[in-house]
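[1] Sequence and predicted model, in that order:
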Amino acid sequence: MRARSLVLLLVLGGCSANSGGPSATGPVTGGPARGSAAAPLGPSAGAPATSEAASAAGTRAAPVLKVTLADVGLESASLDRTADPCVDFYQFACGGWLQHNPIPPDRARWARFSALDEQNTGVLKTLLDEAAAATSADASTKKLGDFYAACMDDAAVERAGLGPIQSLLARTTKVTNAKSWLAAVTALHELGIWVVWSEHAMADLKDSRTNVTYLESAGLGLPDRDYYLKPELEAQRAAYRVHVAKLLVLAGTPAAKADAAADAVLAIETELARHTRTMTEKRDIEGGYHPSDLRRLARTVRSIDWKAYFRAMGYTPSKKLVISSPKYFAQLDAIRAKFAPAQWASYLTYHLVQSLAFQLPKAFDDQAFELERVVTGVEQRPERSKRCVEATQQSLGELLGREYASRYFPGASKQTASELVGAILAAMRAEIARLDWMSDATKVIAQQKLDRIERMVGYPESWRRYDFDVRRDDFAGNLLRARAFETRRVLARSGKPVDRAEWQMNVFDVNAYYEPTANSTALPAGILQPPFFGKDRSLAANLGGIGMVIGHELTHGFDDQGAQFDADGNLADWWQPADKAKFTAKGACVADQYATFEAMPKGFVNGQLTLGENIADLGGVKMAFNAYRALRENATERYVADGFTEDQQFFLAVAQAWCSQDRPAEIQRRLSTDVHAPPKFRVYGALRNLPDFAEAFQCAPGTPMNPAERCSVW
C-alpha cells in the first residue's frame, strides 16, 4: 500500500519489515580492529601480515595480534576453504553457510537478510503478543494488540466468510456498462487494489518541492508482462489460468462458467501487458515523465469520466498530472471496448478476492497461495503468527516501529552508524576529487550534491498517526480500513509540499534506501545488527557489512538514474557533455559485463535492468573499503583472524552479508522483475572489479577475481 516512488533499495523482495534487537556499538574506531595477516587460503591466496600493516600505516609496521574470526565478528563455519577465493570467492566465503542453511519450505529465497528478518519477526511477535495480552494499555498499544489479536482469530475469519466484502463483490460482479465498470474500478482503487491503472502522489521529478499525481499502467496478476508474452513461460500461464478459475468459483462464479471466466481474465491481462513498458523501459526516468492535465487526460481516455472518478476517490489531483506511458493510456478505450462487461466483471472480481485472500476464509487463502507457489516455487506458507506480524506492520508500521525503537535500538547504535556514514561520505569526496574522467566543473556540482545528502539513521524524528478504527473481532474490517486509510493518506499529498523527512520504509526493515527526489538516504534500525553491524565486530567487519550498505545507498545518488538528479532532487542535466559521455560508456561496461553472468541454465542477468544497483554495489564496496583504510591508517596494532588480514576480513564481511540461495522459479522471476542481480553476482561482480581485492588475496592475473579488464564508474 506504500506509495510508489523512485526509492532505490538495497534489496527487494527478500524481506518483510521486522526487526530484532540491534546491538550497540562503540565509537567507529573502537573495539578491536582485528584481522590481519594471512595463512594460505587456497591455491592462489595468502599474504604476509606485515605487508598490509606497512602499506596502511606508512613505513612503520604495526605489531600483529592473532585472534579468531569469531573475535572480529565473522564466521569460520560459513567458509568453504576447499574453494579458491581467486576463482569463486562467493563459494569460498559462503559455501559452508549454503551447505548448512537449506531454503525453508515457506521461503522462495533464504539469505542472511532472510535470517535476520526471521529473527526480527520473532522480536515483533513478542511485542505484539504482549500488546494483545495487556489488560490495561495506552491507546497505541491497544490498537496494535487488537489488530494482531483479530488477525490471529482464524475461527472468527471463517465465521465471517465473505460478509466483509459483500458490498465490494456486489460492485465487481455486476458490471454491466461504463458507469458500473468505473464504480467497480474506483471501489478497488480506494483500497489500493490497482486494476487497469494505478496512481500515487510523490515529488514532481522536475520540481521536487511539490507532490504531483502520477498515473501508470497496472492490473497484472502475474509478476511482469513477460509472463504473458514469452513462449517459454507458457506453463506458468496455464497454471495461472487454473488458479484463477478456482478462485472465481470460491467467489461465486458457477463452476460451469469458471473456465470461460478465467480465459477472460487472462485475455484482459495479456492485452494490458502488450502495452505495458518492460522493466528495463521503466528505468528510463525521462522516458516515463510526461506532464499532462485533467483536460488532456480526458481527451486521451474518453470512455472514463475522470472528474467523477477523482471525486469518488475523495481527493483532488494536482493540476499537473504525470503520465508514465501515454501509449498505454491511449489504448485504454480500445481495450475497454474489446471485452464484454461480464469479462470485466470476472477480471475485477478475481483481483478483489486475490488481493484480500488472507482476510477471507482459508479456502481463499489456500488458493491464493497456489499462485505464489507457481511464481516462486515456495512449498508452504509461513505460520499464521508470522503472517499476522507482517499484516500488522504493513498496516500500523510506524506505530509498531515506535515501540520497537524504544525497546530495542540503543542510542549508541544511531550515533555510531551516523559516524560510519560520515566516514564513507568523506571517502566519496576524496574519490570524486581524484577522478581522472570528470571535469572540474562537474566535480564541483557532484561535491555539492554529496554535501547536501540528507542522512536519516535509525528512526524518524516524528511518528505517523493512524486515524482509523481497529476492532478486536473484525480482522477483515481492520485490513480494509487500513488499506483505505493509507491510500487516502498518500493521494492526499497531491499538490502539496513534499515532506523530505518522511521515511519510505519501516524502522525495523532489514533494508536501506536512497531517494533521489529528496537527495536523502535512510538506514533503518532493523539492519543495524549482525551480520552487518555490531558492537563486538571489528572495524573491518562493520565496514565490510554495513559500510557496503551505506556506500551502496550513497552511490545511488550517482548511479545511472541518481546521476540525473541535482542536489535539490530535481531531474536536471548537471553534467558537462564530455563527462556525461564518459559516464555513459563506463555504465555500458558494467551492463555488458553483468550480462555475461549466468544465474541459471540459459538464464543470464539483465545488465540494463540491474545497471543502477550494480553501479551502486561497485561504488559501495569501493567507498566502504577506502573508509575502512582511512580509519585504520594510524592503528597501533594489526589483527590476524584465523590467518586473515584486515583487508581480507573486510571482503569476507562483504560476502558473508550476501550469502543466499533461491528456488529455480524464484531465480526465473527475479531475472525478469528484480533490478538487483542475484546475490552471488553482486559479490562476484563488485569484488572482481576492485583491484584491492585481488591484492588482498594475491590473485594471479587472469584469474576470475583478477580479470584483465575491469569496470569502474565511481
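    Looks like it arrived, so ask away.

[2] what element comes up after the helix or strand of the chain with the lowest mean pLDDT heading to the C-terminus?
    Of all helical and strand segments in the chain, the minimum by mean pLDDT, DSSP states H and E falls on helix 49-57, at a mean of 42. Of the helices and strands lying after helix 49-57 in sequence (DSSP states H and E), the nearest is strand 64-67.

[3] now the chain, which segments are flagged as low pLDDT?
    Counting by pLDDT under 70, the chain contains low-confidence residues at 1-60.

[4] what do you get if the cut-off is 50, keeping everything else the same?
    Within the chain, the segments meeting pLDDT under 50 span 1-4, 12-59.

[5] which other residues reach stretch 706-714?
    Here stretch 706-714 makes contact (CB atoms under 8 Å, 6 or more residues apart in numbering) with 86, 428, 431-432, 435, 555, 558-559, 583, 586-587, 589-590, 593, 615, 618-619, 622-623, 688-691, 694, 699-702. Where C-beta positions appear, they are placed from N, C-alpha and C, glycine not excepted.

[6] Helices - which of those residues land there?
    428, 431-432, 555, 583, 586-587, 589-590, 593, 615, 618-619, 622-623, 688, 691, 694 (DSSP state H).

[7] Quick one: buried ones out of the residues you listed?
    The neighbour count (16 or more other CB atoms under 10 Å) marks 428, 432, 555, 583, 586-587, 589-590, 593, 615, 618-619, 622-623, 688, 694 as buried among the ones in helices among the contacts of stretch 706-714.

[8] so which pair among those residues is furthest apart in space?
    Of all pairs drawn from those, the widest gap by CB to CB lies between 583 and 694 and measures 24.8 Å.

[9] Run through the residues that contact residue 300.
    Residue 300 neighbours (CB under 8 Å, 6+ apart): 292, 326, 329, 330.

[10] Export the residues you listed as CSV, with columns for neighbour count and distance to residue 476.
    Shown next, in CSV, are the contacts of residue 300 (neighbours: other CB atoms under 10 Å; distance: CB to CB, whole Å):
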residue, neighbour count, distance to residue 476
292, 17, 37
326, 14, 38
329, 22, 33
330, 13, 38
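
[11] Out of the residues you listed, which is nearest to residue 131?
    residue 329 (44.8 Å).

[12] next one: phi and psi at the closest one?
    Per-residue torsions, residue 329: phi -70, psi -30 (degrees, to the nearest 10).

[13] likewise residue 600?
    Residue 600 adopts backbone torsions of phi -150, psi 160, taken as degrees, to the nearest 10.

[14] can you tell me how far it sits from residue 662?
    In this view, residue 600 and residue 662 are 9 Å apart by CB to CB, to the nearest Å.

[15] who has more neighbours, the two?
    The residue with more neighbours, out of residue 600 and residue 662, is residue 662; 24 against 12, by other CB atoms under 10 Å.

[16] What are the buried residues along stretch 595-614?
    Judged by neighbour count (16+ other CB under 10 Å), stretch 595-614 contains these buried residues: 595, 597, 599, 603, 605-614.

[17] ok, so of the residues you listed, who is nearest residue 178?
    Scanning those for proximity to residue 178, where the rule is CB to CB, the winner is residue 609, at 37.2 Å.

[18] May I ask which helix or strand encompasses the closest one?
    Using DSSP H and E, residue 609 sits within no helix or strand.

[19] Leaving out the residues flanking it, which one is nearest to it?
    residue 280 (4.8 Å; CB to CB, 6 or more residues apart in numbering).

[20] can you pull the contacts of the one you found?
    Shown in contact with residue 280 (CB under 8 Å, 6+ apart): 606, 608, 609.

[21] Okay, the first one and residue 658: tell me how far apart.
    Noted for residue 606: a distance of 19 Å to residue 658, by CB to CB.

[22] Out of the buried residues of stretch 595-614, name the ones that lie in strands.
    Among the buried residues of stretch 595-614, the residues falling in strands (DSSP state E) are 599, 603.
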